[in-house]
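> coordinates only, no sequence provided:
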């Protein structure tokens, strides 16, 4: 009980782990005190143990895992970041991994198994009981980001002619109920889902009532082939807690619960952010070399586009030689375009990701973004035009930068909204490299319009 | 049943709404056919009706709401985007609003009431039954982004000495059970929560067992003052479905469920993205003027920083006049720094938001980012230095751009990781304007280092 209180307090501290406990755990690892280690880890939530493993050094992590041995809690593995998980799974002796996965739900075993190399996956599957192994193997046959992979095969079901009492008695007698479940799935003789009874509803109904009289027929099912992103968006939109998954024949194949949907939803939002910023799928626990390598690729793309932009400037070397003020002013036009484009882009990518930008409002949104770009362009054209004209005592120079600014802001707005829409249309991720595309366009157009106009109007 | 099948199919189409149904609804609105409208809306999920309202024009929205009248489903209001919701609430006759909120949970009423202006809020509160009004008023007294605002006050509770049978009988007899609930809260005589029994657990236990024997004492509670972001992160991390909220005296004050946590989590991720891109809290349904205004403010900040950067360039007018190639090359140094800084920034902001960047690993992460910046800086310095030296047949110019590149990449990395950490330390949002700060620093440093070095080494 003292331990539990500590745990709750630690959770409130934000990180979920008190500094003293981390110290004590590392000390136990160093002295090889297995009993003390198990005692210190026991009251912690698996997510906190995963955090601990991610935040210590690789050597400490390895020593901890080996000392923990067969007492290792399999659910910790599912909570680890991908990079650390791969590393731990590689180092884990087969018998420890086999013991660790015995108590996991099938979706968690699938989640771990899909990352293993062929021989290790084979050994893991062999260690499972027959029924579990078949379930996991069938899930692994579904596509990697499909509802079939995401679901757990353990589903609690009942026929519609059962009474509330029958259902409760059945559940009381059942030995292998899922760790957490929220609905009773009502199926017909062919195993097709025909209704849902939430546990709350079941609880509130008299024992003699038949399930068919309290089941809700207005429920959502997902096909095994549905993408995980679509599943997650539907959970979010319709406030689902769990939903049945059906196979090609419309039979109940498994259940997806909200915790899995929440993971996918967060991964998707994070992926969009990373793609927009040109960061790959790096993890916070990755090493310097991995991270530098991942980012190098994106920076190389950026270098190529920067060189393209500077090639545009190079076309106007003579103009800049004549009026050096152009070199001072040109980054302003490019920078404003880049920023306005990124704003539009971010809004568009999120709207597409959350299914809020559809055929019904696409024309209106594109038109509106163009208008916003034009309006703000006129505002900033007047501002920067006046400032430039006054500072350099040259009205024409002010007019040149003003016209270039309006043009670039409209181009920025249209690029920001049309590029992600086009990427989505061809089946690519709308966030993928969009940022680089958009800023390339605004840099190139900005430099070209400003320096080109200057050449015509000022020389 | 035909209608329901249609509904399910529509949901799979992604947008949740078939084009034909939208047409039929708008036709019913135009002909003022209230009965047909209600019939068409009835099978739709409230979230889909909200989508419909968001995607039609303002005039159609107004006409639909007025024709729908007192049959309006209050839960549609809670699903609307903020901009549309404010507009609809303003136009809604008091008696329609009063009827609409009667069946909502207290947290949803609070969510609507907090957006109303004083007199309308007063009238809404007056329309509620006494007990409901007091509950809503108490919630409104908690801070705007607190767990107290987020929770619903309806909690299902029982004393520990009750048996499973007592609890089930109590729930069967209760008339005002929440629409969805997942746990039974076990409280002592002073209403302090002392345990949790999930409905699944309750269901699987014999009627004669006392609740104290099956309750879990290892559960998480939140204080009414806890921030909604902390609550949402804890739900995500620990896979919570519902959690009790306690007041200052440790008494059970309400319950937070996962659907609310999911909303907050998505809002936070979206807010980070928007802040990084300099987009305020605009909604997809906002008008041109609102959106242009919101973005204008951020673009003005960007303009100021762009002028600052060009002031740095202006310091070196003489140098550029002597070697015009510098004007061609300088955007490359600035652009690479800006990109590298944005990468680091994005990773840091997400790590802070998800509590993965803590005192335990902060030093290591900052050091690592500096190293990554240095490594990639050296790589790109060699690349661009060689390209420049060859293209301009000028080794010194290559060396100048190389040195400026390494320096700017290291500055970018450190700015990207330290600025959000510093903002978090002073209590500001780490994403707030971070992007502008970072690119300002990389622009200013990049231009200064490159042009300054060129002045020293080439003239």
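Noted; the coordinates are in hand. Remember, predicted model here, so these are calculated numbers, not experimental data.

> helix, strand, or coil at residue A:61?
Residue A:61 falls in the helix class when you classify it by DSSP: H, G, I helix; E, B strand; the rest coil.

> what's the burial count for the closest residue to it other than its chain neighbours?
Leaving aside its sequence neighbours, residue A:61 sits nearest to residue A:53 (CB to CB, 6 or more residues apart in numbering or on different chains; 5.3 Å). For glycine as for every other residue, the C-beta is placed from the backbone atoms N, C-alpha and C. Using other CB atoms under 10 Å in any protein chain shown, residue A:53 has 24 neighbouring residues.

> ok, now residue A:196?
Neighbours of residue A:196 (other CB under 10 Å): 21.

> tell me how far residue A:19 lies from chain B.
For residue A:19, the distance to chain B (CB to the nearest CB, to the nearest Å) stands at 8 Å.

> any chance you could map the helices in the stretch 151-300 of chain A?
Counting by DSSP state H, counting those that start in this stretch, one finds helices in the stretch 151-300 of chain A at the ranges A:164-173, A:199-203, A:211-214, A:228-238, A:258-277, A:288-314.

> circling back to that earlier point, element containing the residue nearest to residue A:61, please.
Assigned by DSSP states H and E, residue A:53 belongs to helix A:46-55.

> residues contacting that helix, please?
Defining contact as CB atoms under 8 Å, 6 or more residues apart in numbering or on different chains, one finds that helix A:46-55 is touched by A:10-11, A:15-17, A:22, A:25, A:41, A:44, A:61, A:64-65, A:73, A:75-76, A:78-81, A:84, A:88, A:284-285, B:237-239, B:356, B:358, B:360-361.

> could you list the domains of chain A?
A:2-145, A:157-276, A:287-458 (automatic domain parsing).

> looking at these, which has the lowest confidence?
Per-stretch mean pLDDT for these is lowest at domain A:2-145 (a mean of 83).

> which one of the helices of the stretch 151-300 of chain A lies nearest to residue B:207?
With respect to residue B:207, and counting by CB to CB, the nearest of these is helix A:164-173 at 8.7 Å.

> centre of the chain to the closest one, how far?
Computed by CA atoms, centre = their mean, to the nearest Å, the chain-centroid distance of helix A:164-173 equals 39 Å.

> so is it next to chain B?
Yes - judged by CB under 8 Å from any CB of the partner chain, helix A:164-173 and chain B are in contact via A:168, A:171, A:172.

> in JSON lines, list these along with neighbour count and distance to residue A:184.
JSON lines is the format used below for the residues of helix A:164-173 next to chain B (neighbours: other CB atoms under 10 Å in any protein chain shown; distance: CB to CB, whole Å):
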{"residue": "A:168", "neighbour count": "23", "distance to residue A:184": "10"}
{"residue": "A:171", "neighbour count": "20", "distance to residue A:184": "8"}
{"residue": "A:172", "neighbour count": "14", "distance to residue A:184": "13"}
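
> between those residues, which is nearest chain B?
Distance ranking of the residues of helix A:164-173 next to chain B against chain B, using CB to the nearest CB, places residue A:171 first at 4.9 Å.

> contacts only, for residue A:179.
residue A:105.

> how about the stretch 51-200 of chain A: which residue is closest to chain B?
Taking CB to the nearest CB, chain B has its nearest neighbour within the stretch 51-200 of chain A at residue A:199, 3.9 Å off.

> I'd say that residue and residue B:203 touch.
Yes - Residue A:199 is within contact range of residue B:203, at 6.1 Å (criterion: CB atoms under 8 Å).

> how far away is the spatially most central residue of chain A from residue A:415?
With distances taken as CA atoms, centre = their mean, the residue of chain A nearest its centroid is residue A:267 (1.4 Å). Distance, residue A:267 to residue A:415, using CB to CB, to the nearest Å: 27 Å.

> before we move on, what about residue A:394?
Going from residue A:394 to residue A:415 by CB to CB gives 30 Å.

> surely residue A:83 meets residue A:285?
Yes - using CB under 8 Å, residue A:83 makes contact with residue A:285 at a distance of 5.4 Å.

> more neighbours: those two, which one.
Legend: neighbour count by other CB under 10 Å for residue A:83 and residue A:285, higher for residue A:285 (23 against 17).

> show me what contacts that one?
By CB under 8 Å, 6+ apart, residue A:285 lies in contact with A:54, A:55, A:81, A:83, A:84.

> and the residue nearest to residue A:259 when sequence neighbours are not counted, backbone torsions?
Among residues not flanking residue A:259 along the chain, residue B:239 sits closest, at 4.3 Å (CB to CB, 6+ apart). Main-chain dihedrals, residue B:239, degrees, to the nearest 10: phi 50, psi 50.

> next, count neighbours for residue B:239.
By other CB under 10 Å, the residues close to residue B:239 number 20.

> test my guess that it contacts residue A:260.
No - with contacts counted by CB under 8 Å, residue B:239 stays clear of residue A:260, the gap being 9.2 Å.

> so does stretch A:401-408 get close to chain B?
No - using CB under 8 Å from any CB, stretch A:401-408 stays clear of chain B, with a minimum separation of 9.8 Å.

> where do the strands sit along the stretch 101-250 of chain A?
Along the stretch 101-250 of chain A, the stretches classed as strands by DSSP state E, counting those that start in this stretch are A:157-159, A:183-187, A:193-198, A:222-223, A:242-246.

> what packs against the first one?
If I follow you right, that is strand A:157-159. helix A:164-173, strand A:183-187 (3 or more CB pairs under 8 Å, 6 or more residues apart in numbering or on different chains; DSSP states H and E).

> switch the cut-off to 10 Å
Judged by 3 or more CB pairs under 10 Å, 6 or more residues apart in numbering or on different chains; DSSP states H and E, the packing partners of strand A:157-159 are helix A:164-173, strand A:183-187, strand A:193-198, helix A:211-214.

> give the pairing partners of it; include direction for each.
Using DSSP bridges, the strands paired with strand A:157-159 are strand A:183-187 (parallel).
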